[in-house]
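*Asks:* turn this into a model:
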Amino acid sequence: MEIATAQYPIDEFSDFAAFRSKAERWVRSAVNHGSQLLVLPEYGGMELASLLPASIRDDLHAQLHALQPLRDEAIATWQALAERYRVTLLAPSMPWQIEDGRFVNRAWLLAPGHAAWQDKQIMTRFERGPWGIEGGDGLKVFDTPAGRLGVLICYDSEFPLFARALVEAGAELLLVPSCTDTEAGYHRVRWSSQARAIEQQVAVVHSPTVGEALWSPAVDINIGRAAVYTPCDHGLPPDGVLTMANDATPGWQFARLDLAAIAALRETGQVDNYADWQRQLAQLPTPVTQVSLR
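*Replies:* Okay, here's the model as predicted:
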């Protein structure tokens, strides 16, 4: 399977047609490369805030409400592209107001004739504090033409039990869309994604936002490198990096994945990380022994 993972800039638009044009260019570029699964980042949908009056887009709370009338048309744009080009596509996430009035960080996974969503589970300090976005309820495994997929939105990738739950539920591939504004934040997601690939013996696709959007108080600085990570084992890169961008230039990173071959490593690989997960759980009831060398 051919995969495209985006280093996606937060652009400023003069009108909604400009957004549609950008989305079309990006999808067409990936499809022309032969990609069947396209992964876009967390909070890429915040570029729609550039269409709001300056007084609203400068207000963290006002922008949440003002974005809601744009959300359905934005997802419909990505859905139409998934239909037209016959691909599976993880659209850029955005704040989404749910029935009880709360805002969540929602990413839509789209395939021809189908649409479903995953909400971020655990929020960062900025999200749950100044911005007022809350965690969603529950993880999902999506059965798609590109395989059985799980989505861990940014910070969620830093919690190994989430990845374990998804893989135990049948996920063959984990998608990690992210938005980080420091090198430290990027590396937390990067190394967590690589750890999840090793622990669960699966591939992990990482898509970040990149560049500056100084007009936005929410996503002004964006640092990351798009990559695809694998277990460090037979037939795969020794460092587990199947592909990674060399710099912060916006664009796609492409990779070819054989999900069946990666899954087979659980039986034939050099180690048994996935199976041996239970061994650590068996040890946990044993009290930790305190030893003094003083």
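*Asks:* what's the spacing between the helix or strand containing residue 89 and its chain's center?
*Replies:* Using DSSP states H and E, residue 89 maps to strand 88-90. Averaged C-alpha coordinates place strand 88-90 at 11 Å from its chain's average position (C-alpha atoms, centre = their mean, to the nearest Å).
*Asks:* what's the pLDDT at residue 164?
*Replies:* At residue 164 the predicted local confidence, pLDDT, stands at 98.
*Asks:* show me the contacts for it.
*Replies:* Listed by C-beta atoms under 8 Å, 6 or more residues apart in numbering, the contact partners of residue 164 are 199, 200, 277. (C-beta placed from N, C-alpha, C; glycine too.)
*Asks:* that one: which element?
*Replies:* Counting by DSSP H and E, the element that carries residue 164 is helix 160-168.
*Asks:* ditto for residue 6
*Replies:* strand 2-9.
*Asks:* just residue 217 next, same as before
*Replies:* Going by DSSP H and E, residue 217 is not in any helix or strand.
*Asks:* for it, which non-adjacent residue is closest in space?
*Replies:* Leaving aside its sequence neighbours, residue 217 sits nearest to residue 60 (C-beta to C-beta, 6 or more residues apart in numbering; 5.7 Å).
*Asks:* now residue 113
*Replies:* residue 83 (7.3 Å).
*Asks:* what residues of whichever helix or strand that neighbour is part of count as buried?
*Replies:* Using DSSP H and E, residue 83 falls within helix 60-85. Under the neighbour-count criterion of 16 or more other C-beta atoms under 10 Å, helix 60-85 has 63-64, 66-67, 70-71, 74-75, 77-79, 81-82, 85 buried.
*Asks:* with stretch 126-145 instead?
*Replies:* The neighbour-count check on stretch 126-145 (16+ other C-beta under 10 Å) flags 127, 131, 133, 134, 135, 136, 139, 140, 141, 142, 144 as buried.
*Asks:* same check, this time on stretch 246-262
*Replies:* Across stretch 246-262, burial judged by 16+ other C-beta under 10 Å covers 250, 251, 252, 253, 254, 255, 257, 262.
*Asks:* let me see the ranges of the helices in the protein.
*Replies:* Counting by DSSP state H, the segments of the chain that form helices are 16-32, 54-57, 60-85, 125-126, 160-168, 183-200, 259-268, 273-283.
*Asks:* with that, I have no additional questions.
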